[in-house]
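A.B. asks: Provided below for reference: sequence and predicted model.
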Amino acid sequence: MVVKETYIEGCFEITPKIIQDKRGYFFESFNKKKFQNKTGLEIDFVQDNQSFSEKGVLRGLHLQKGEDSQAKLVSVSKGKVLDVVVDVRPNSNTFGAIFSIVLSEENKKQLFVPRGCAHGFVVLSETALFYYKCDNFYNKEAETGIIYNDPKLNINWQLEDDELIISEKDKVLPSFTEFMEQQKTTT
Ligand SMILES: Cc1cn([C@H]2C[C@H](O)[C@@H](COP(=O)(O)OP(=O)(O)O[C@H]3O[C@H](C)C(=O)[C@H](O)[C@H]3O)O2)c(=O)[nH]c1=O
């Protein structure tokens, strides 16, 4: 597997080694020892999630706060998404950095999203099956996030606004500025 650290500190792009034979292909979608050797991180994933979405669905930008924060290993098993990470860790050397990458059934790439980063994706194919591992449990009370179209972040989601399908919950997420203000009061 090839592991490259992105320009967000602790966020890694992972390309698994695909073993082809006459029957098809095989790859290790996660190997704790190899992951630790390549990233230097010892991760214990405790929850796996899957979500299925139609084209234009945008989920995010989400994260869980405080001790409920989650690192995620995200991938796409069917279809194609644009995956986006925003470093909102106040003390990070890459605070405010935005990294985006296409994850797809075809490229089989994975992205490791460190704790404390906001994460989201938009579906570019007709449908997409999104699969991810988390190193902390879901806690609804700890959920927070940033509105997808925050003017300061100015993320290019590659689709027009009228193509996007967004949950009512995500439509009222705070702005980046409001989110950072909220962080100050809770830490
Ligand atoms: C995340 C989660 C949700 N749920 C329940 C809560 C709702 O009844 C339903 C849908 O939840 P939500 O609309 O928050 O799902 P997404 O919009 O896909 O949320 C995810 O989207 C972005 C991309 C992320 O990175 C996060 O992992 C996660 O927030 O599943 C659970 O039961 N367990 C869970 O771990």
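C.D. replies: Right, received. Where do you want to start?
A.B. asks: what's the average pLDDT for stretch 19-31?
C.D. replies: The pLDDT scores in stretch 19-31 average 98.
A.B. asks: buried residues in the helix ranked longest in the chain?
C.D. replies: Counting residues, the longest helix found in the chain (DSSP state H) is helix 176-186. Within helix 176-186, the residues that count as buried by 16 or more other C-beta atoms under 10 Å are Phe176, Phe179, Met180, Gln183. C-betas here are computed from N, CA, C, even on glycine.
A.B. asks: ditto for stretch 92-112
C.D. replies: 92, 94, 97-101, 103-104, 108-112.
A.B. asks: and what about the spatially most central residue of the chain, helix, strand or coil?
C.D. replies: Taking C-alpha atoms, centre = their mean, the centroid of the chain lies closest to His119, which sits 4.2 Å from it. Taken by DSSP: H, G, I helix; E, B strand; the rest coil, the conformation at His119 corresponds to strand.
A.B. asks: show me what it bridges to in the sheet.
C.D. replies: For His119, the beta-bridge partners are His62, Val85 (DSSP bridges).
A.B. asks: I'd like the numbering to begin with 7 instead of 1 from here.
C.D. replies: All right, first residue 7 from here; so that's His125.
A.B. asks: so it makes contact with Ser75?
C.D. replies: No. His125 lies out of contact with Ser75 (C-beta atoms under 8 Å); the separation is 11.1 Å.
A.B. asks: what do the two both touch?
C.D. replies: When contacts are counted by C-beta atoms under 8 Å, 6 or more residues apart in numbering, His125 and Ser75 have Leu69 as shared neighbours.
A.B. asks: hmm, back to that, next up, the contacts around the residue nearest to the centre of the chain.
C.D. replies: Contacts for His125 (C-beta under 8 Å, 6+ apart) come out as Gly66, Leu67, His68, Leu69, Lys78, Val80, Asp89, Val90, Val91, Val92, Val119.
A.B. asks: which of those residues lies closest to the ligand?
C.D. replies: Distance ranking of the contacts of His125 against the ligand, using C-beta to the nearest ligand atom, places His68 first at 3.4 Å.
A.B. asks: ok, now which ones touch Met126?
C.D. replies: To be clear, residue 126 is Gly; Met isn't right here. Applying C-beta under 8 Å, 6+ apart to Gly126 gives the contacts Leu64, Arg65, Gly66, Leu67, His68, Asp89, Val90, Gly151, Tyr154.
A.B. asks: got JSON lines for those, with pLDDT, neighbour count and distance to the ligand too?
C.D. replies: Shown next, in JSON lines, are the contacts of Gly126 (pLDDT from 0 to 100; neighbours: other C-beta atoms under 10 Å; distance: C-beta to the nearest ligand atom, whole Å):
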{"residue": "Leu64", "pLDDT": "98", "neighbour count": "25", "distance to the ligand": "9"}
{"residue": "Arg65", "pLDDT": "98", "neighbour count": "20", "distance to the ligand": "4"}
{"residue": "Gly66", "pLDDT": "97", "neighbour count": "23", "distance to the ligand": "5"}
{"residue": "Leu67", "pLDDT": "98", "neighbour count": "27", "distance to the ligand": "8"}
{"residue": "His68", "pLDDT": "98", "neighbour count": "17", "distance to the ligand": "3"}
{"residue": "Asp89", "pLDDT": "98", "neighbour count": "24", "distance to the ligand": "8"}
{"residue": "Val90", "pLDDT": "98", "neighbour count": "25", "distance to the ligand": "9"}
{"residue": "Gly151", "pLDDT": "98", "neighbour count": "22", "distance to the ligand": "7"}
{"residue": "Tyr154", "pLDDT": "98", "neighbour count": "21", "distance to the ligand": "11"}
